[in-house]
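Participant: Got a predicted structure here, sequence first:
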Amino acid sequence: MSTAAAAHDDHHHHAPTGLKRWLFSTNHKDIGTLYLWFSFIMFLVGGLLAMVIRTELLEPGMQFVDPEFFNQMTTVHGLAMVFGAVMPGFVGFANWMIPLMIGAPDMALPRMNNWSFWILPFAFLILLSSVFMSAFGAGHPSAPNFGWTFYAPLSTEYGPASTDLFILSVHMMGISSIMGAINVIVTVFNLRAPGMTLMKMPLFVWTWLITAFLLIAVMPVLAGAVTMMLTDRHFGTSFFSAAGGGDPVLFQHVFWFFGHPEVYIMILPAFGIVSSIIPTFARKQLFGYASMVYATASIALLSFVVWAHHMFTVGMPLAGTLFFMYMTMLISVPTGVKVFNWVATMWRGSMTFELPMKWAIAFVILFTCGGLSGLMLAITPVDFQYHDTYFVVAHFHYVLVTGAVFSMFAAAYYWLPKWSGVMPNKLLGELHFWSSLLSVNLLFFPMHFVGLAGMPRRYADYALQFADYNFWISIGGFWFGLSQLFFLAVCLLCAMKKGEKAAARPWDGAEGLEWEVPSPAPFHTFETPPVVK
Amino acid sequence: MATEKYYVPESSPWPLAASVGLFMTAVGGAHFIQQSTAPDKFEGSWGMPLFFFGLATLWLVIAIWWRDTIKESVGGLHSKQLGISYRQGMLWFIFSEVMFFGAFFGALFYTRWLIVPWLGGAGSNAMTHELLWPDFQAMWPLIKTPDGTTTQAMGAWGLPAINTAILLTSSITLTIAHHALLEGKRGKLIGFQAATVLLGAIFLGLQAWEYHHAYVEMGLTLHAGIYGSLFFLLTGFHGAHVTIGTIFLFVTLLRVIKGHFDAENNFAWEAGAWYWHFVDVVWLFLFVVVYWL
């Protein structure tokens, strides 16, 4: 209990003000806002690192950075985007929306909620400080340079000194994620309003419930992996060293046992967002609600038995290869159910195309592109050709940028009126959407071609025949990066409450408890639970 | 579903303070490890003091934070629903711990069933064996590594079996204490919980003795190849959890003496008991797959 508490004991509704409001918060809305801004800042930081990559790759040959620094850029770009932008972004949406959607007064464990958040800036301070030192520090000590997957022995025997800082920062991110996920699960299981049965919950809540389960299941495995790295580096253990009876491939197994569910951690909440938005603007109920729930659960369960499809070229017994190939292909069934349901929801709907809907439709189409290239990668003999080429880069950027990130833009435009009380600026929003849509395809689509033609990923240079494509890919990259400044402007305008005032239900097809409270949502909502019929 | 007013705590400085503590622990820890394992490269390091200062900060802040929570609980602010939230939270936390151990058990099985046989030429790996370490013989426990480091295997039926008996007994004494708590029999509760804490401490003492024996007389160290790596990380993390569990039970014992718990309001006590049983089950797995088989 802080001093602010004592001063306002009889004014429970009074919101704390100033810096303390943000630093000491126990309010799910404020903590959600912190998460979202943190995520956006990390998105810009990770984007800047990507700009360095694309600048170097604008032309063949070495121009701007040396290969060593280039490796650090690809590594930290991936880490910042995965652990800094996408994961905390979805946690921000969860914080804001889950209590509002299920009629809860707050998250179940509000102080732990704040701890989950505040660990993150410190974790990234540690990680990014090594990039800063590498760019500007005396002697340019290397930042992590082994790729975001930090395979042994690159990260063990050959890892730079900053690897140890990286390991501990990953531990911190894991602690943050696990606590955040526990909070989500407990909130959903224990704080639903009377009448809000599990099968009445909005799909965003369902997908986050399942995501939280995945987080609790796999973040500790990541912690185990980096712990083994640390002891191999400094305490003489042989987990990833064949000379001592271990195996570098063991690292890949442990890492991808975390890594593949991690991929779904970054996409399941997106499914939930899109399943909320499409019915609103099609003015129809979501098609196949129950099948959406079961499909999400199936995807989550299958995610535990597909990890080695990241490792087909590493070598494993034929039976293992076949098992992982078929299991991976099986995932396209529940995913297909989802895409079908979204399209069926729109079928003969009374459709309008406000900003959230534009992003959601772009998500459905472009995420499906990424899903289909994933299906190609699942086929083992073909994967031997595609492995570690730009085709893989194209694949996971279609699912992560036009998938996860687009869904977050959709969600931001959809819920900004509820958060800020003003409508997002339409002109800037349209510019943001069209500019991003065109540039992102210029950026990532040609990567399929250069990948199929054999351009390997994570190299600072490339063969001459890839020059034209890479030039346009880089142009697309700069364009996409600059387009995000429109979004920054949209967010700042909303934060400053500049714009058309938003109604409690700004979208006329919108359903759900979050639209029952005024816009902007008051500091405390649902202190007495609403009754859901 | 409960409709009573839910308890939402006022803003609190402890989460941020704990994050600062964690930050200092991590930065100091990374530096400390580098300094202590490669002293020639990292002289005059501030890593060690920062690590311990960070750790002390972290524990102090958490202690104050939990003191606040205890005050709220004793002050009757907690609703029944919050008790359920805490209980569910603790169960999911234990699940995360299970998965953490799962990573190391997974490494053990992968090593025993695949890596070691493959290094010995099994499956399609005859050429690997021939070209890399032709003299290597696959066996488990791996007492001679491919590069020739030798060690001895830790047997199951000496001290480890005694430790198994101790932990199993501690589970029984704790369960008796649990029943005493629910029946409101204070004397019995305090006696059996104290016995549990004592058994935990004895277990840790014997474990330390075993480690000493392994290092000094058996040549079984962290450097002894994959068998030593797995042995020490699995039993070491288990031992760390026994330490935490013992402290946990000791704290709830003090709180029992202070009269904080009754048959209804006893989350922290039960959380400690669950944690203890979890640690116990992990040990049984360890005993079977690390020591025995």
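Facilitator: Ah, there it is.
Participant: In chain A, which helix is the longest?
Facilitator: If you go by DSSP state H, chain A has its longest helix at helix A:203-234.
Participant: show me what contacts A:Y35?
Facilitator: By C-beta atoms under 8 Å, 6 or more residues apart in numbering or on different chains, the contact list for A:Y35 reads A:P88, A:G89, A:V91, A:G92, A:N95, A:F117, A:L120. C-beta: built from backbone N, CA, C; applies to glycine.
Participant: counting contacts, what elements does the longest helix of chain A pack onto?
Facilitator: helix A:87-102, helix A:162-190, helix A:248-265, helix A:268-282, helix A:289-302, helix B:14-37, helix B:80-110, helix B:226-258 (3 or more C-beta pairs under 8 Å, 6 or more residues apart in numbering or on different chains; DSSP states H and E).
Participant: Around chain A, pick out the residues from the stretch 101-250 of chain B.
Facilitator: For the stretch 101-250 of chain B, the residues in contact with chain A (C-beta under 8 Å from any C-beta of the partner chain) are B:102-104, B:106-107, B:110-111, B:114-116, B:118-119, B:123-124, B:132, B:142, B:145-147, B:149, B:221-223, B:225-230, B:232-233.
Participant: Pull out the buried residues from those residues.
Facilitator: Listed as buried from these are B:102-104, B:106-107, B:110-111, B:114-116, B:118-119, B:142, B:145-146, B:149, B:221-223, B:225-230, B:232-233; burial here means 16 or more other C-beta atoms under 10 Å in any protein chain shown.
Participant: burial measure for the residue nearest to A:V254 when sequence neighbours are not counted, as a count.
Facilitator: In space, A:V254 comes closest to A:A225 once its chain neighbours are excluded; the distance is 4.4 Å by C-beta to C-beta, 6 or more residues apart in numbering or on different chains. A:A225 has 29 neighbouring residues, counting by other C-beta atoms under 10 Å in any protein chain shown.
Participant: now the helix or strand harbouring B:W274, how far from the chain's geometric center?
Facilitator: Following DSSP states H and E, one finds B:W274 within helix B:267-286. Helix B:267-286 has its C-alpha centroid displaced from the chain centroid by 10 Å (C-alpha atoms, centre = their mean, to the nearest Å).
Participant: One more: stretch B:30-40?
Facilitator: Its chain's average C-alpha position is 24 Å from that of stretch B:30-40, according to C-alpha atoms, centre = their mean.
Participant: confidence score at the residue nearest the centre of chain A?
Facilitator: Nearest residue to the geometric centre of chain A (C-alpha atoms, centre = their mean): A:V86, 2.4 Å. pLDDT for A:V86: 98.
Participant: got the CA positions of stretch A:464-478 in CSV?
Facilitator: Provided in CSV are the C-alpha atoms of stretch A:464-478 (Å, rounded to 0.1, in the frame of the first residue of the first chain):
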residue,chain,number,x,y,z
LEU,A,464,24.8,-10.4,-58.3
GLN,A,465,21.7,-11.9,-59.8
PHE,A,466,19.8,-11.0,-56.7
ALA,A,467,20.6,-7.3,-57.0
ASP,A,468,17.4,-6.0,-58.6
TYR,A,469,15.1,-7.8,-56.2
ASN,A,470,17.1,-6.7,-53.2
PHE,A,471,17.0,-3.1,-54.3
TRP,A,472,13.2,-3.1,-54.4
ILE,A,473,13.0,-5.1,-51.1
SER,A,474,15.1,-2.4,-49.4
ILE,A,475,12.9,0.3,-50.9
GLY,A,476,9.8,-1.5,-49.6
GLY,A,477,11.5,-1.8,-46.2
PHE,A,478,12.3,1.9,-45.9
